[in-house]
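> model this:
(chains A and B)
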Amino acid sequence: KAGVTQTPRYLIKTRGQQVTLSCSPISGHRSVSWYQQTPGQGLQFLFEYFSETQRNKGNFPGRFSGRQFSNSRSEMNVSTLELGDSALYLCASRTEPRPNYGYTFGSGTRLTVV
Amino acid sequence: EDQVTQSPEALRLQEGESSSLNCSYTVSGLRGLFWYRQDPGKGPEFLFTLYSAGEEKEKERLKATLTKKESFLHITAPKPEDSATYLCAVQGAMNRDDKIIFGKGTRLHILP
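Down below sits the predicted model:
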């Protein structure tokens, strides 16, 4: 079956712009989480959505937001981009937000802010 | 606050040289500890979930173990294709804020 699909794979944006990243989970997976990965900080949790509701949120400023649609697809948005937002953004899906369901990750969107 | 610390940051081994990676965690009410493998330019790939102290799981040359404070990923007779970054993560707390927290990973390089 198809894996987690993230689009686009690569993105270059200018400081101050906004960006929207997309994630299509594995069919049947209703939980979608987003992570930011940087060499210095590793994987940092952004937020998790389940059945179109945000279940929890990491310690990121309000410029980072997300949503989930009725077909479980998810988008995250970053407004007023800063240089420090350059990172690999990973989406992960699982059937439900419970420990016995491991994440399946997408390949990520590499965002570069110049 | 939940924390995950992995050591060493990087490890170079000769092919066939067995070793262990460490994951120390602090979490209120562990619900699950996870190991993932990440290759360059790709997303992490799920390996194991461990739920309680004393539990062990194996997959090919990898074996994960869990105590109340740490987990080990043992690699037996590794091959060059085992080279990757290995990530440990925990999910804790019996409330809505049960996000999964990752460590920074151990970069493993197996020399042929």
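> and B:Tyr7, how far is that from A:Ser65?
Check again: residue B:7 is Ser, not Tyr. Using Cβ to Cβ, to the nearest Å, we find B:Ser7 at a distance of 35 Å from A:Ser65. Placement of C-beta: from N, CA and C, glycine included.
> Could you check which of those two has the larger neighbour count?
Using other Cβ atoms under 10 Å in any protein chain shown as the criterion, B:Ser7 and A:Ser65 rank with A:Ser65 on top: 16 against 13.
> tell me the contacts of that one?
A:Met76, A:Asn77, A:Val78, A:Ser79 (Cβ atoms under 8 Å, 6 or more residues apart in numbering or on different chains).
> List the buried residues of the helix or strand bottoming out on mean pLDDT in chain A.
One helix or strand of chain A scores below all others by mean pLDDT, DSSP states H and E: strand A:53-57, with a mean of 89. Residues of strand A:53-57 classed as buried by neighbour count (16 or more other Cβ atoms under 10 Å in any protein chain shown): A:Arg55, A:Asn56, A:Lys57.
> Do I have it right that the last one meets A:Leu46?
Translated: A:Lys57. Yes: assessed by Cβ atoms under 8 Å, A:Lys57 is found in contact with A:Leu46 at 7.4 Å.
> hang on, A:Ala92 packs against A:Val32?
Yes: with contact taken as Cβ under 8 Å, A:Ala92 and A:Val32 are classed as touching, separated by 7.3 Å.
> Who has more neighbours out of the two?
A:Val32 (29 against 25).
> Once you drop chain neighbours, what's closest to the more buried one?
The shortest distance from A:Val32 to any non-neighbouring residue, by Cβ to Cβ, 6 or more residues apart in numbering or on different chains, is to A:Ser74 (4.2 Å).
> Over to A:Tyr10?
Spatial nearest neighbour of A:Tyr10, chain neighbours left out: A:Arg110 (4.9 Å); criterion: Cβ to Cβ, 6+ apart.
> Keep the buried residues of strand A:53-57, but drop any that are not near chain B.
A:Arg55, A:Asn56 (Cβ under 8 Å from any Cβ of the partner chain).
> what's the closest of the buried residues of strand A:53-57 to B:Gly103?
Lowest distance from B:Gly103 to the buried residues of strand A:53-57 (Cβ to Cβ) belongs to A:Asn56, with 19.0 Å.
> Could you verify my assumption that the closest one touches A:Glu48?
Yes: if you go by Cβ under 8 Å, A:Asn56 and A:Glu48 touch, sitting 5.5 Å apart.
> Now do the shared contacts for those two.
Common neighbours of A:Asn56 and A:Glu48, using Cβ under 8 Å, 6+ apart, are B:Lys99.
> Quick check: which helices or strands does the helix or strand bottoming out on mean pLDDT in chain B pack against?
Ranking every helix and strand in chain B by mean pLDDT, DSSP H and E puts strand B:100-102 at the bottom, with a mean of 89. Where contact means 3 or more Cβ pairs under 8 Å, 6 or more residues apart in numbering or on different chains; DSSP states H and E, strand B:100-102 is packed against strand A:42-50, strand B:3-7, strand B:84-92.
> can you redo those as TSV with mean pLDDT?
Shown next, in TSV, are the helices and strands packed on strand B:100-102 (pLDDT from 0 to 100):
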stretch	mean pLDDT
strand A:42-50	93
strand B:3-7	94
strand B:84-92	93
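> touching chain A at all, stretch B:73-91?
Yes: applying Cβ under 8 Å from any Cβ, one finds stretch B:73-91 touching chain A at B:Leu87, B:Ala89, B:Gln91.
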